[in-house]
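Colleague: Quick one, structure for this:
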Amino acid sequence: MHLHVATPEPPAHGPGHKRRARRLSGKFLALYLLISGLLAGAVLVAPQFHERADAVDDSGDITWDVNGGRSAYQAMIRAVRDRAAGVRVPGDGTPRAGHVFTVGLRAGEAPRTARPPLVSLLVRARDLAVLGYRLRTQQGHDSFFCFRGTEVGDALNELRFTGSYRDLERFGGRSRAGLVLDERRLTRSFTVLRDDADQAATARALMVFTMTVSEAARFDTLERAFRAAFDHGSHTVSRAEAELMNSR
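Modeller: Purely as a prediction, here's the structure:
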């Protein structure tokens, strides 16, 4: 949008007219600055991304078998970090179109199966935020289950809660601190999403995957701490670790 500013004619009257012209010019300048500021503000607050189905990038899809042990877990974290690092095109720094990528989940399935994963987390590359998950039927039909206030996908099923830990803990009925992470809990969380369970169980499952995928990719200390959960052991989330997640 271009604002046309008229050039005032040379004064044709006396000093009183000059003072009035100066007052009018000052008022016009103030109005011009106000309009310019509003327009600039509109540009600044306009969302840079609109999470829609055509923004989900399945190229170079990441797949994680939650029963695959420590090596599978670390490989998934590396792949997630690589996607976050590659979110901007080298050179001009503009965002890539496929800014939402998927992390396909398996639980003991054959790693070389040709079928796509039935459950995939939806992850926003620029900040590694989990936006929800996708269910894919054997016929290839996709349903997107997204946090309240998030738009990803055409077949949208909005969850009753947001992706904040406050909401996840409230709807899930438990805190992150003291939560025991192990392969059994990960398998159960996968099954909850796959079978489209009730909202409380879904909130707990998404809390588990947000921590083990998103937070571990953000923080090396969390990734190192969580490794034990995938090495035939377990890890209990501490209060300090929960506070670290809140710091982002």
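Colleague: From now on I want contacts and neighbour counts done on CA atoms only, so please keep to that.
Modeller: Fine.
Colleague: what's around Leu159, how many residues?
Modeller: 18 (other CA atoms under 10 Å).
Colleague: Hmm, I typed the wrong one, I wanted Ala228.
Modeller: When neighbours are counted by other CA under 10 Å, Ala228 comes out with 18.
Colleague: next one: Arg134
Modeller: Here the number of neighbours of Arg134 (other CA under 10 Å) works out to 27.
Colleague: what's the answer for Arg78, then?
Modeller: 12.
Colleague: Repeat that for the one 5 residues further on.
Modeller: Counted with other CA under 10 Å, the neighbours of Arg83 add up to 22.
Colleague: where does the closest residue to it other than its chain neighbours sit relative to Phe147, distance-wise?
Modeller: Computed as CA to CA, 6 or more residues apart in numbering, the closest residue to Arg83 that is not its neighbour in sequence is Ala125, at 6.4 Å. Separation of Ala125 from Phe147 (CA to CA, to the nearest Å): 16 Å.
Colleague: The residue nearest to Arg83 and Thr102 touch, don't they?
Modeller: No - distance between Ala125 and Thr102: 9.6 Å, which falls outside the contact criterion (CA atoms under 8 Å).
Colleague: bridging residues for Ser120?
Modeller: Following DSSP bridges, Ser120 is listed with bridge partners Gly104, Arg134.
Colleague: wait, what's in contact with it?
Modeller: 102-105, 133-135 (CA atoms under 8 Å, 6 or more residues apart in numbering).
Colleague: now Phe209
Modeller: 186, 189.
Colleague: do that again at 10 Å, thanks
Modeller: Counting by CA atoms under 10 Å, 6 or more residues apart in numbering, Phe209 makes contact with 105, 121, 130, 186, 189-190, 215-216.
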